[in-house]
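*Asks:* Show me the folded form of this:
(chains A, B and C)
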Amino acid sequence: MIRRVLFALLLAAIAVYTVFPFYWALVGSFQSESRIFASPAYYVPAPPVLDSYRQVFSNATFVRALGNSVVVACATTLLALAAGSLAAYALARYRMRGREATLTVILALTMFPQISVVGAVHTVVTRLGLHNTLAGLVVSYMLITLPFTVWVLTNFFRSLPRELEESAYVDGATPLQTFWRVLMPLSAPGLVTTGLLTFISAWNEYLFALSLTVTDRARTVPVALANFAGASAHQTPWGAIMAASVVVTLPLVILVLVFQRRLVEGLTAGALKG
Amino acid sequence: MQSAIRWMWVALGCMTGLWGCSSPAPESAASGSGASARSRPEIIRINVDPIARNLALTEQLAAEFTSATGTRIEIIKGPTDATERLSQYLQYLGAHSPDIDIYQIDVIWPGVLAEHLVDLAGAFDQERAEFFEPIVRNNTVDGRLVGIPWFADAGVLYYRTDLLEKYGLSVPKTWDELGAAARTIQEGERAAGTADFWGFVFQGKAYEGLTCNALEWIASSGGGTIVDADGGVSVNNEAAARAVSRMAGWVGTIAPPGVTTYQEEEARQLFQSGRVAFMRNWPYAYALTHSQDSPVHGKVGLAALPAGPGGRASALGGWQLAVSKYSRNPEAATEFVRLLTSREAQKRRALEASLLPSRPALYDDPEIATAIPFIPQMKEIFLNATPRPSAQTGARYNEVSTEFFQAVHRVLTGEQPPDVSLAAAERALKEVLGRP
Amino acid sequence: MRRLSLEARQSRLGWILVSPALVLLILVGAYPLGQTFYVSLTDARLASGRPANFVGLANYTRLAADPGFQASVANTVLFTVTSVIVEIVLGLAMALVVNSRFRGRGVLRAAMLIPWALPTVVSAKMWNYMLVDTYGVVNDLLVTRSGLLETKVAWLAEPGLALASIIAVDVWKTTPFVALMLLAGLQVIPPALYEAASVDGASRLQQFWRITLPMLRPVILVTLIFRTLDALRVFDVIWVMTRGQSGTESMATYNFRQLIDFQKLGYGSAVSVAIFALIALFVAAYLVVLRRWREAEMS
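*Replies:* Okay, here's the model as predicted:
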């Protein structure tokens, strides 16, 4: 009994620690400014005010940016997972000369501070004719996401037992059939986790998006958020910023709720015993 | 094997799909191929700080411009944070991008961006004398007028009319009076039960705003303007050290200890919640503190900042419009700048967006005086405003300002005594400016 | 003979599989990296038409004697070591909790990820205002409501406390990332191992030390690498909250200042290369450990 209570307390502590700031944003998004900054603070928005949400959804830039962000984050995730898992499979399973060197080079590409490469990435993207396009953002995000997916998936594939693949080979499957039919289903937790983290980093990327886009056509959510302005200069529209961050975080939460089963399947489903 | 290859094709298709759907879009004229851009030069893009009410007015003016000239205007929102906007502008201009024709630049940027901007001296030959002279001088780099003043800003003092009355005080004329009044009110209000009441707030975070604040303290104390008009480093002197250490003494006594982390909004929120007697801020706070749902509605007054042995000093702020050298249609862009900075447009901007005109003549306009009650005071403040030393330091201004505000911040947080900190700033500035 | 050709075939197939990722990375990454190295040897200014001069290693010799940069290195290393250790410990605890069975597990898993999902630019601003001394909610909770502290604290004003506050925010933000990575690692541990251990009468704690931790080692290491990489480049949180003052300047904020604020492209690039080198040092250390482990496993 005591252990259960302690466990519940631990759960509560985790929940409060992670969720309170979000709760605070939620409260702020439903309050008028004078209540947001009141002291002592108001912890419950009563009565809730919807002005901030109205402001957010009447902001054409933001609405368009939401769509752009969905496209960019999905495309980045798919591309990074596709290219990353193929590479990771080879790097994890095949005897290749220069395997470790390749992994190191891939990692090295992501060790510069982003601010120092953004100018040159701008040049590359412009040369490719992708300046101010969503495709330009997706391509540039490979620099941020691919090293991560390759490394994590290589590591993940290595941790999987070889027995199943070997039995597939014995049954006459080609290496790629083995990869696709045997390894992929086993890797669900790894793929979903990597995909989720890749999605979030593309969803939240700011610095590249700021300088590789010019107009609303290609702008993503973080850039649109930075363009939220109040009625007068210097003023920060707190309510609207909070409402917008609630709006952009909810899809991710839903995504996790949808995929969370996948996060814990895999080996536990008894695949190994089969 | 096959399915994996199919998978790669899907990924590739994804990419080319993105590629395809985005590049031939009509809007991409300027960014994509040069040929299609030349065939449709009738669009001018202006990148602005999207202050809501000013944005609405700019959209109206753009529509009027389009119906008069046939040239379309696209208004692009830039980041509200000035540093982020500068970083974006440098990226665009460094790449000689023709995407943006008109940039909204800070009063301290002309020196940094001048080489990318069109000289507007010829086009504004007639009008330039109608703008505030200090701002025009500030925007002139090596004889080239690179920005037209759009709207102006200057530091002012906010006070609580009700509290001054309650304690029988008048609006402080000097910094010493301000300190005394702040103390009196703070002690009184705390004794009356408001435990966390404070006397004075300002912008003390280590950022450009602190340069403005500290420049005001120092210049009004007779301590100069960091770098002299002729480029000599004057930051380290006794008057400056006295001014900064007075402020450091106020932090934690009559100003909250966290004031060294405050920007404009933190100061305004605290003042607006009714727990501060005095505040240094920009004129934007006036309308907000007077809004209906403001706890201090109807209890706020605005005055010039206090004086010291060096007289009054108010940091000059505000925004300019500049035309990019890489614009495909600089003539049309210049004409749109002319419209946006015109007398009529500035009057509407004052009435509809409460932004202060950059033309002195408008300060005597009775309509504006009714809409913005403090405007007559502002004329005097602008005529005597203290520009930050951006003209004499040019492209090095940000380095100068950073060394300065970091030095002041170290004093405010008690990390270093003023003489040590200012001496370090002096050494650093001499090195930055190459002046032994 | 036959075996050799099989290996050659495998190797060729391997390179074909790696090539899409490599091509993409080289396409976007090679020029920017080369450019940064090259520019660090010049006195180029950002967005300036003035031709740059080749100055050799002058930027690096200046950097070696730059007290501002040295301070930022010290701050960043302190920040990285502290925050990464705390994140790994907390992240592991979190992963173990949400990996066990209880009602509402799915919801907690989703909730756990919120800090990582909130855009950093926004969450840093939010913490900034939650930490304001006068009307911030943190002081409201700790002083006004609960009386845990006697007076309101200016969290971001005092040197020392400011860095600690920023570390706390970073831990809040990135622990979910760690937890999620480790959760995925926990999934690959075959349940049979635990079953066997239970049969042998091993306690939960023994199982943790003998099975969970060793099996998680590779995942922990990769997580460490990427967390360290990010922590050594920390920028947003610090830029928004303190602008690098009160002893919180990081290498990346220092870099940003030189590169963007001051437009010193040459010098700023030298700072970037120095950051790269420092990160490489950390990563090399990790890789040595990784290789040792792998060799130990093989034998």
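*Asks:* can you pull out the strands in the stretch 101-250 of chain A?
*Replies:* Counting by DSSP state E, counting those that start in this stretch, one finds no strands in the stretch 101-250 of chain A.
*Asks:* what does it put close to chain B?
*Replies:* A:118-119, A:122-123, A:126, A:129-135, A:138-139, A:174-177, A:179-180, A:210-211, A:214-218, A:223, A:226-236 (C-beta under 8 Å from any C-beta of the partner chain). Glycine gets a C-beta too; all of them are placed from N, C-alpha and C.
*Asks:* near chain C, which of these show up?
*Replies:* Of these, the ones that also sit near chain C (C-beta under 8 Å from any C-beta) are A:Gly119, A:Thr123, A:Val139, A:Pro175, A:Ala226, A:Thr236.
*Asks:* Filter the residues you listed down to the buried ones, ChimeraX style.
*Replies:* Selection of buried members from these for ChimeraX, criterion 16 or more other C-beta atoms under 10 Å in any protein chain shown:
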select /A:119,139,175,226,236
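*Asks:* Name the weakest-confidence residue in the ones next to chain C among the residues of the stretch 101-250 of chain A next to chain B, if you would.
*Replies:* pLDDT is lowest at A:Pro175 among those; the value there is 79.
*Asks:* Does that residue touch C:Arg12 like I think?
*Replies:* No. Assessed by C-beta atoms under 8 Å, A:Pro175 is found out of contact with C:Arg12, at 11.5 Å.
*Asks:* between those two, what contacts are shared?
*Replies:* Between them, A:Pro175 and C:Arg12 share no contacting residue under C-beta atoms under 8 Å, 6 or more residues apart in numbering or on different chains.
*Asks:* Run a quick neighbour tally on the closest residue to chain A within the stretch 151-299 of chain C.
*Replies:* In the stretch 151-299 of chain C, the residue found nearest to chain A is C:Ser272; the distance is 3.4 Å by C-beta to the nearest C-beta. Using other C-beta atoms under 10 Å in any protein chain shown, C:Ser272 has 28 neighbouring residues.
*Asks:* Next, count neighbours for B:Ala322.
*Replies:* There are 28 residues near B:Ala322, going by other C-beta under 10 Å.
*Asks:* Against B:Val112, how distant is it?
*Replies:* 11 Å (C-beta to C-beta, to the nearest Å).
*Asks:* what's the answer for B:Val201, then?
*Replies:* For B:Val201, the distance to B:Val112 - C-beta to C-beta - is 30 Å.
*Asks:* farthest pair in the ones next to chain C among the residues of the stretch 101-250 of chain A next to chain B?
*Replies:* Across those, no pair lies farther apart than A:Pro175 and A:Thr236, at 55.8 Å, counting by C-beta to C-beta.
*Asks:* ok and the residue in the stretch 51-200 of chain B nearest chain C?
*Replies:* Taking C-beta to the nearest C-beta, the stretch 51-200 of chain B has B:Gly94 as its residue nearest chain C, at 3.1 Å.
*Asks:* Nearest spatial neighbour of that residue, chain-adjacent residues omitted?
*Replies:* C:Ala47 (3.1 Å; C-beta to C-beta, 6 or more residues apart in numbering or on different chains).
*Asks:* does the one you found count as helix, strand or coil?
*Replies:* What DSSP: H, G, I helix; E, B strand; the rest coil gives for C:Ala47 is coil.
*Asks:* what's the neighbour count on it?
*Replies:* So C:Ala47, with other C-beta under 10 Å, has 21 neighbours.
*Asks:* same question, the one 5 residues further on
*Replies:* Around C:Ala52 sit 15 other residues, with neighbours defined as other C-beta under 10 Å.
*Asks:* would you say it is within a strand?
*Replies:* No. Using three-state DSSP, the assignment for C:Ala52 is coil, not a strand.
*Asks:* ok, it - contacts?
*Replies:* Counting by C-beta under 8 Å, 6+ apart, C:Ala52 touches C:Val39, C:Thr42, C:Asp43, C:Ala44, C:Arg45, C:Leu265, C:Gly266.
*Asks:* quick one: the fourth one and A:Gly119, what's the gap?
*Replies:* I take that to be C:Ala44. 10 Å.
*Asks:* Now the common contact residues for those two.
*Replies:* C:Leu265.
*Asks:* Now do the same contact list for the residue of the stretch 151-299 of chain C closest to chain A.
*Replies:* If you count contacts by C-beta under 8 Å, 6+ apart, then C:Ser272 has A:Phe112, A:Pro113, A:Ile115, A:Ser116, A:Val117, C:Thr36, C:Ser40, C:Asn255, C:Leu259 around it.
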